[in-house]
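K.L.:
Requesting a structural model of the entry that follows:
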Amino acid sequence: MSDPIRLVHFADLHVGMENYGRLDPATGTSSRVRDFLERLDEVVDYALEQHADLAIFAGDAFKNREPDPTQQREFAQRIKRLADSVPTLLLVGNHDMPGMAVKASAVDIFQALSVPGVIVGHKSGWQEVTTRRGPVFLAWMPYPMRNRLLARDEHQGKTIDELEQALRQTVSDILAELAEEAGRHDMPRVLAGHFSVAEAKLGSERTVMLGRDVAVMTSTLADPAWDYVALGHIHRHQDLHPGGAPPVVYSGSLERIDFGEEHESKGFCWVELERGAARWQFVPVRARPFQTLRVDARPAEDATAAVVQAVERAQAEGAVVRVQVQLREDQQAGFRESEVAAALGRAASVTVAREVESEVRTRLGDLAPEALSPLELVQRYFESRSVEPDRMRSLLARAEDLLRDPG
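P.N.:
Numbering: from 1, shown residues only. As a prediction, this is how the structure comes out:
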């Protein structure tokens, strides 16, 4: 009995994300760009150490469609290192794909140079891939862009909804054709795709998505023709067909993009593949931690000192930190954000956000504004401004007249 095929599946690298980063003088790149590249290093190291037979990158190499040349070089060096030992599919994601069909994608250079060991999935297709432990039927579906899949003349004059329906049907037809072709090959079979699945739980990819998405149903992918379905595009790692065959898996992104991913594990998938069976596991990477610290400084006489004391207890070394501080309005002017940031000096990045409670809200106590009449709200406002009693009575009388007869 032959050994199972060893497959590494990863996606959504997004090299070029620089938020919360600092310029690294040694490399001339943002510290956050280095984060994303180091996560790719972890994948490559693991694949080579574990003697992977096949690597699938399920799309979105870069933040945008026109990456910085230095970032292209750094990405290419790592992919070349992987492909020198392991046949590697580079699937084209929406961030890699240009708006016009005639333009090249961000990873087409690998195909133009015929880089050994690299397969570029710029349009749907399949290939029998020879690996050290046997052949694999590998099929792929890149990000489905309407202007690449729908003939303009045939769909001219259709509404947006009609075009979306046509695109969904076209994608389903392509996937059905690939599954039919897979059935003709007596070997382990893998489908790689970069698109949304209707049942998937979304993550922070919503903040970086380009264009409208067409969603495929899980039932379309959970075809017995496949032994494993390797997906990219959704940043949250998840198995959409748990316990079923085939597994339909988003590996998730390799690095956190923002605080929407603060509590998500980041990593890639390691798969042991046989015809009719696939065993897989999620392998976490050392993604940059994101940490939110919430401090209520309203009861304190010295709000800055209270916040500094609270954040000094945090285990924030190397983390991207945001400090959410609740303040009274009268504490605003004296609050010193620089001292808070200095107290977190071992963090990778610190931002301080103020949530200021106005004096009017303070004076309301436990009462909601909607529980008070307009005149009572006006009275609470005057009280918060310390208006003298005689003047307040006069103003309230005038306010009552206006509320009774606004004309």
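
K.L.:
Looks like residue 316 contacts residue 341 (just checking).
P.N.:
No. Judged on C-beta atoms under 8 Å, residue 316 makes no contact with residue 341 at a distance of 11.3 Å. For every residue, glycine as well, the C-beta is placed using N, CA and C.

K.L.:
Now for the residue nearest to residue 82 when sequence neighbours are not counted: which residues touch it?
P.N.:
With sequence-adjacent residues excluded and distances taken as C-beta to C-beta, 6 or more residues apart in numbering, residue 82 is closest to residue 44, at 4.8 Å. When contacts are counted by C-beta atoms under 8 Å, 6 or more residues apart in numbering, residue 44 touches 78, 81, 82.

K.L.:
What does residue 44 show for phi and psi?
P.N.:
For residue 44, the backbone dihedrals are phi -60, psi -50 (criterion: degrees, to the nearest 10).

K.L.:
Tell me how far it lies from residue 138.
P.N.:
19 Å (C-beta to C-beta, to the nearest Å).

K.L.:
what's the answer for residue 254, then?
P.N.:
Using C-beta to C-beta, we find residue 254 at a distance of 21 Å from residue 138.

K.L.:
same deal with residue 275?
P.N.:
14 Å.

K.L.:
Identify the contacts common to these two.
P.N.:
Joint contacts of residue 275 and residue 138 (C-beta under 8 Å, 6+ apart) are residue 189.

K.L.:
count of neighbours near residue 177?
P.N.:
By other C-beta atoms under 10 Å, 13 other residues sit near residue 177.

K.L.:
ditto for residue 181
P.N.:
Count around residue 181 with other C-beta under 10 Å applied: 15.

K.L.:
check contacts around the closest residue to it other than its chain neighbours.
P.N.:
Excluding its sequence neighbours, the residue lying closest to residue 181 (C-beta to C-beta, 6+ apart) is residue 126, at 5.9 Å. With contact taken as C-beta under 8 Å, 6+ apart, residue 126 is in contact with 137, 138, 139, 140, 178, 181, 182.

K.L.:
Assign residue 126 to helix, strand or coil.
P.N.:
Of the three states, residue 126 takes strand according to DSSP: H, G, I helix; E, B strand; the rest coil.

K.L.:
With the one 10 residues further on instead?
P.N.:
For residue 136, the secondary-structure state derived from three-state DSSP is strand.

K.L.:
if I pick it, what's in contact with it?
P.N.:
5, 7, 53, 54, 128, 129, 187, 188, 189, 190, 273.

K.L.:
Looking at residue 111 now. What's its pLDDT?
P.N.:
Per-residue confidence (pLDDT) for residue 111: 75.

K.L.:
re earlier: for residue 29, see how far away the residue nearest to residue 181 is.
P.N.:
Residue 126 is 37 Å from residue 29, by C-beta to C-beta.

K.L.:
now do residue 91
P.N.:
25 Å.

K.L.:
So for those two, which sits in the more crowded spot?
P.N.:
Looking at residue 91 and residue 29 with other C-beta under 10 Å, you find the greater number of neighbours at residue 91, namely 28 against 20.

K.L.:
Show me the shaky parts of the stretch 151-300 of the chain.
P.N.:
151-158, 160, 204-212 (pLDDT under 70).

K.L.:
ranges for the helices of it?
P.N.:
160-182, 218-221 (DSSP state H, counting those that start in this stretch).

K.L.:
okay if I get those as JSON lines plus distance to residue 263?
P.N.:
As requested, the helices of the stretch 151-300 of the chain are arranged in JSON lines below (distance: least, C-beta to C-beta, whole Å):
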{"stretch": "helix 160-182", "distance to residue 263": "32"}
{"stretch": "helix 218-221", "distance to residue 263": "24"}
